[in-house]
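Novice: Here's a sequence, model it:
(chains A and B)
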Amino acid sequence: MIDNYSWITVFPEIVLLTLACAIALVDLYVKSPSRTPTYLLTLATLAIVAFMQAGYAISGLNQYGFSKLVVSDQMGNWLKCFAALAVMVTLVYGRGYAAHREMMRGGELFTLSMFGLLGMFLMIGGNNFLVIYMGLELLTLSSYALVALRRDNTLAIEAAMKYFVLGAMASGFLLYGMSMLYGATGTLDVNQVAQAIASGNIRHQVLVFGLVFVVAGLAFKLGVVPFHMWLPDVYQGAPTAVTLLIGGAPKLAAFAIMIRLLVEGLLPLALDWQQMLGILAVSSLLVGNLAAIAQTNIKRMLAFSTISQMGFVLLGMMSGVINGNTISSADAYGSSMFYVVTYVLTTLATFGIILLLSRKGFESEEIADFAGLNQRSPLYAGVMAICMFSLAGIPPMVGFYAKLSVLQALMSSGQAVDIGLAVFAVMMSLVGAFYYLRVVKLMYFDAPVQTAAIDAPAAVRIVLGINGALVLLLGIVPGGLMALCASALASMMAG
Amino acid sequence: MGLLSLAIWTPVLFGVVLLALGRDENAPAVRWIALIGAFISLMVTVPLYTGFQLGTAEMQFVEQAPWIDRFNVNYHLGVDGISVWFVLLTAFINLVVIIAGWEVITRRVNQYMGAFLILSGLMIGVFCALDGLLFYVFFEATLIPMYLIIGIWGGPNRIYAAFKFFLYTLLGSLLLLIALIYLYTVAGGSFDIQTWHTLPLGGTAQTLIFFAFLAAFAVKVPMWPVHTWLPDVHVEAPTGGSAVLAAIMLKLGGYGFLRLSMPIAPDAAREWAWLMIGLSLIAVIYVGLVAIVQRDMKKLVAYSSVAHMGFVTLGFFVFSDLGVAGGIVQMIAHGFVSGAMFLCIGVLYDRVHSREIASYGGVINTMPKFAAFALLFAMANAGLPGTAGFVGEWMVILAAVKANFWIGLGSATALILGAAYTLWMFKRVYLGPVANDDVKNLQDINAREFLMLSLLAIAVLAMGVYPKPFTDVMDSSVAELLRHVALSKLN
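Specialist: Below you'll find the model as predicted:
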């Protein structure tokens, strides 16, 4: 029973799929080694899709489609819009890098990015365990191939192997957990699962058994301790442009499935999964921050930094339900969403700079490569410094408000243990401040080692400038984005 | 746009323009723009004093606009008798520091000047903010320019100093953040500082909040035993950085006690006053003794700053009109005097490139004009009557004697110790025969340095001779603060 409304809910996905296929075909006839037509068409496609999703989000569309297989709601549409933009920015930053590293022999970089994005859209918009799982697989399969795109590079192949084996295992976890829940509740529909659990007729033990696997699978995909082992290796081994494709937009999708599965599907089990997330968050903050100090490779350092930042996201996720009361859940999950969105924004600019510093035949991988950047280019050093201060959570950068809103959500329970957790989290971010500051120190206090001129196409310079400025400006006026996240989650919790 | 917004954003705007100008080829233009910016920034603060209503403790020049709706945060500014002078002081010191860095800084001039202008705007923001989150944002944001100033233009060990400065102060302020969020929750979703002032709080909560605030402000002031970052940082920071740090940044901590700790947790403040007084006395006496044995001039002045700030916190926590007002006067006076002391060291350092006392001797023979200024500031630092340094110390000692004779006696030793370390340093550096060739070849101060030191000298003398404009302004606010602190907030 496919009604007209159903088509509306997946219209952007259909457009994306069609254009991605068309571009894959067009690319066969592209002769230019830098694949300019493919690149431009891809950007146009992403822009169209982002624009459509923004339109959906602003119109406040809240619609189920295909017998509730998918949902198009405010939260999902905003996240899809941001994801499309993030992929777009990634391609702008990464194109020069990829072109110099024989990653453009075919147009796979672009088509796979688009299919990956399609996977993210399905994850974000899925309202059914299987749809979500399919979206996840589409994303991760595209990512495996992208990591291996430099097929003559040992590190990249090793990273791809690791990513594939561990990723497949994580998917197995998730699927196994889903099947347990299906067995217990008899449905794959997210809302019906929630209803079935809330009815109280199902044995708690079975549910928790399934839940453990679901949480483990999610933790794997988010890359939180103790399921984080793949993350540093993949971040380091993958070509930097692909690292950004993996480390940027997919975080938005990972956040979305966490909301869909845990909040929409398993809210009655909140007490159980909040405890699990609490443990994951604490260990991520601890391990991520401490391990990051020891790194000399910037990508590896950022991988550990990601682990600790995801710990903060989980802190927000675990403070939604207080004593069985869901009054403040929208605020708590909204703070997590704000955190993820601003994190992705900052990560884009950070990797943008790394990509910029990598030239033909030179990988900017070591933290030491940033030495004296301020003397080589005050603008890029400024952008990077803004990002580092933002990740460290120093006001007035946007990262501060992300930490603030998560801590506020955490402390709103007023319980001593939560306040203790907040103190632990800020102490860990003090540790974090050290390694972020070290990058700033290298850029501003040290003399340059590399002296080659940094040349970048105008498009990269402009996008990077805007990206950096946004990290600062959203910190000076954070109200709008915060309200957007809060209202997106509020409408989701209500509907 | 209100006057306070102008005072905050004028220097920031000029700073951003300077950052955008880039390139050291434009250095002369950069310097002049910085000077004009600093001058305009000072001028826009003057109406704050001339238009200030005496006899009321209400906030004045209030501006309020919604900022972050989600957290009910407002862009809420205002000054009262406690804070208004700090706004002027900050703008004034900023101007002096821009002049001080005029030809000394040749590397990345635009970033240097820009950093100081932005820093000055942010610090004014701290003094004006009436919203907890706004306060915190300004309070923390000051770390970034200062970190860069120390790290880029500092001495040989500048990187260690920059990290120590940043991480030490961040540690304290993160606990402040937790306390602010807690207050937000307890106050039912409000970051408004004046709402917090009247918020009833239990004993345990007050104690925890008081100590969380203490962690932030004690580090900033700095109080013994968390003062150890200050000497390290002062030694490595460039002259301008040291001057701003001593003159203004330390005051952010002292101001925090008055604006947040004491009114929000008055019961805890009274309960723990003995601890605060004890720590203050240790700072005054022990750190004073430590200052005597220093070989490095900057270290000596740094320790002297800790001792002087000990006076400030001592004055606050005896809870009397005289004590609190004395503490504030002392903060302002110390702003002028310590800024001047560091600039004097800078003048010598620019010529000889040594801060060791032993490298000098008989400077008065080759730099008579400069030595005259240095003597004035040294006297002010020692608390000679007729200079700015005397007024605050005298008020605090009187208040301390009234509260308890032994506290008064302990604090009064500071006058002896202050005279000892300052004048002994003066003797070794300036008096006596010319010690070596470096001193022999010294050139006396030029017109720029003369201007910069005269500005400070005028301020130091004016405040010492006629402190009434300072004390008049703060009377009502201090009285209101004490009346408020005397009331219990326990339910």
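Novice: Model confidence for residue 336, exactly?
Specialist: This is for chain A. A:Ser336 carries a pLDDT score of 92 in this model.
Novice: Sorry, I should have been clearer: chain B.
Specialist: In this model, B:Phe336 is scored at 91, pLDDT.
Novice: what about A:Ala456, which helix or strand?
Specialist: Using DSSP states H and E, A:Ala456 maps to neither a helix nor a strand.
Novice: just the one 10 residues further on next, same as before
Specialist: Element membership for A:Ile466, per DSSP H and E: helix A:458-476.
Novice: in stretch B:21-31, what's buried?
Specialist: The neighbour-count check on stretch B:21-31 (16 or more other CB atoms under 10 Å in any protein chain shown) flags B:Leu21, B:Ala27, B:Val30, B:Arg31 as buried. The C-beta positions use only the backbone N, C-alpha and C, and glycine is treated the same way.
Novice: Which residues are in contact with the closest residue to the second one other than its chain neighbours?
Specialist: Same thing as B:Ala27. Closest residue to B:Ala27 apart from its sequence neighbours, by CB to CB, 6 or more residues apart in numbering or on different chains: B:Val109 at 4.4 Å. Going by CB atoms under 8 Å, 6 or more residues apart in numbering or on different chains, B:Val109 touches B:Asp24, B:Ala27, B:Val30, B:Arg31.
Novice: what's the neighbour count on residue 282?
Specialist: If you meant another chain, say so; for now it's chain A. A:Val282 sits with 18 neighbouring residues when counted by other CB atoms under 10 Å in any protein chain shown.
Novice: my question was about chain B
Specialist: 17.
Novice: ok, back up a step: now render the contacts of B:Val109 as JSON lines, adding distance to A:Leu61.
Specialist: Shown next, in JSON lines, are these (distance: CB to CB, whole Å):
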{"residue": "B:Asp24", "distance to A:Leu61": "55"}
{"residue": "B:Ala27", "distance to A:Leu61": "57"}
{"residue": "B:Val30", "distance to A:Leu61": "52"}
{"residue": "B:Arg31", "distance to A:Leu61": "57"}
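Novice: With respect to chain A, which of those is nearest?
Specialist: Taking CB to the nearest CB as the measure, B:Asp24 is the one of these closest to chain A, at 10.4 Å.
Novice: just checking, that closest one touches B:Tyr112?
Specialist: No - B:Asp24 lies out of contact with B:Tyr112 (CB atoms under 8 Å); the separation is 10.4 Å.
Novice: In chain A, where is pLDDT below threshold?
Specialist: Within chain A, the stretches with pLDDT under 70 are A:1-2, A:4, A:360, A:495.
Novice: Show me the longest helix that occurs in it.
Specialist: As assigned by DSSP state H, the longest helix anywhere in chain A is helix A:154-185.
Novice: Any buried residues in it, and which?
Specialist: Applying a neighbour-count criterion of 16+ other CB under 10 Å, one finds A:156, A:158-160, A:162-164, A:166-167, A:170-171, A:173-178, A:180-181, A:184-185 buried in helix A:154-185.
Novice: So which residue is smack in the middle of chain B?
Specialist: In chain B, the residue lying closest to the centroid (CA atoms, centre = their mean) is B:Ile248, at 2.7 Å.
Novice: pLDDT at that residue, what is it?
Specialist: As predicted, B:Ile248 sits at a pLDDT of 91.
Novice: Could you measure from it over to chain A?
Specialist: For B:Ile248, the distance to chain A (CB to the nearest CB, to the nearest Å) stands at 19 Å.
Novice: swap in B:Leu95?
Specialist: Applying CB to the nearest CB, the value for B:Leu95 to chain A is 24 Å.
Novice: which residue packs closest to that residue, ignoring adjacent ones?
Specialist: Leaving aside its sequence neighbours, B:Leu95 sits nearest to B:Ala38 (CB to CB, 6+ apart; 4.3 Å).
Novice: Relative to B:Val104, how far out is the one you found?
Specialist: For B:Ala38, the distance to B:Val104 (CB to CB, to the nearest Å) stands at 16 Å.
Novice: quick one, which of the two is more surrounded?
Specialist: B:Ala38 (27 against 17).
Novice: which element is the more buried one on?
Specialist: Per DSSP H and E, B:Ala38 falls inside helix B:27-43.
Novice: Now do the next helix or strand along the chain from that helix: which elements does it pack against?
Specialist: Next helix or strand after helix B:27-43 toward the C-terminus (DSSP H and E): helix B:46-50. Using 3 or more CB pairs under 8 Å, 6 or more residues apart in numbering or on different chains; DSSP states H and E, the elements in contact with helix B:46-50 are helix B:3-21, helix B:84-100.
Novice: Residues touching the helix holding A:Ile466, excluding its own?
Specialist: With contact meaning CB under 8 Å, 6+ apart, helix A:458-476 is reached by A:89, A:92-93, A:96, A:342, A:345-346, A:348-349, A:352-353, A:356, A:379-380, A:382-383, A:386-387, A:390, A:395-401, A:456, A:481.
Novice: Ignoring the adjacent residues along the chain, who's closest to A:Pro395?
Specialist: In space, A:Pro395 is closest to B:Val137, 4.1 Å off (CB to CB, 6+ apart).
Novice: ok, now which ones touch that neighbour?
Specialist: Contacts of B:Val137 (CB under 8 Å, 6+ apart): A:Pro395, A:Pro396, A:Phe400, B:Gly125.
Novice: buried residues in the helix or strand of chain B with the lowest mean pLDDT?
Specialist: The weakest-scoring helix or strand in chain B, judged by mean pLDDT, DSSP states H and E, is helix B:437-440 (a mean of 82). For helix B:437-440, the buried set under the neighbour-count rule, 16+ other CB under 10 Å, comprises B:Asp438, B:Val439.
Novice: Show me what that helix is packed up against.
Specialist: Short answer (3+ CB pairs under 8 Å, 6+ apart): helix B:437-440 packs on helix B:321-352, helix B:363-366.
Novice: of all these, which lies closest to chain A?
Specialist: Ranking the helices and strands packed on helix B:437-440 by proximity to chain A (CB to the nearest CB) places helix B:321-352 first, at 19.9 Å.
Novice: which parts of the closest one are buried?
Specialist: Neighbour counts over helix B:321-352 (16+ other CB under 10 Å) mark B:322-349, B:351-352 as buried.
Novice: cool, stretch A:319-334 as well?
Specialist: Buried residues in stretch A:319-334, defined by neighbour count with 16+ other CB under 10 Å: A:Ser319, A:Gly320, A:Val321, A:Ile322, A:Ser328, A:Ser329, A:Ala330, A:Asp331, A:Ala332, A:Tyr333, A:Gly334.
Novice: Equivalent analysis for stretch B:379-386, please.
Specialist: Of the residues in stretch B:379-386, B:Met379, B:Ala380, B:Asn381, B:Ala382, B:Gly383, B:Leu384 count as buried by neighbour count, 16+ other CB under 10 Å.
Novice: Distance to chain A for the helices and strands packed on helix B:437-440 - can I get that in JSON lines?
Specialist: Below are the helices and strands packed on helix B:437-440 laid out as JSON lines (distance: least, CB to the nearest CB, whole Å):
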{"stretch": "helix B:321-352", "distance to chain A": "20"}
{"stretch": "helix B:363-366", "distance to chain A": "32"}
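Novice: now for the ones you listed, which one comes closest to B:Arg448?
Specialist: Nearest to B:Arg448, of all the helices and strands packed on helix B:437-440, is helix B:321-352, at 10.4 Å by CB to CB.
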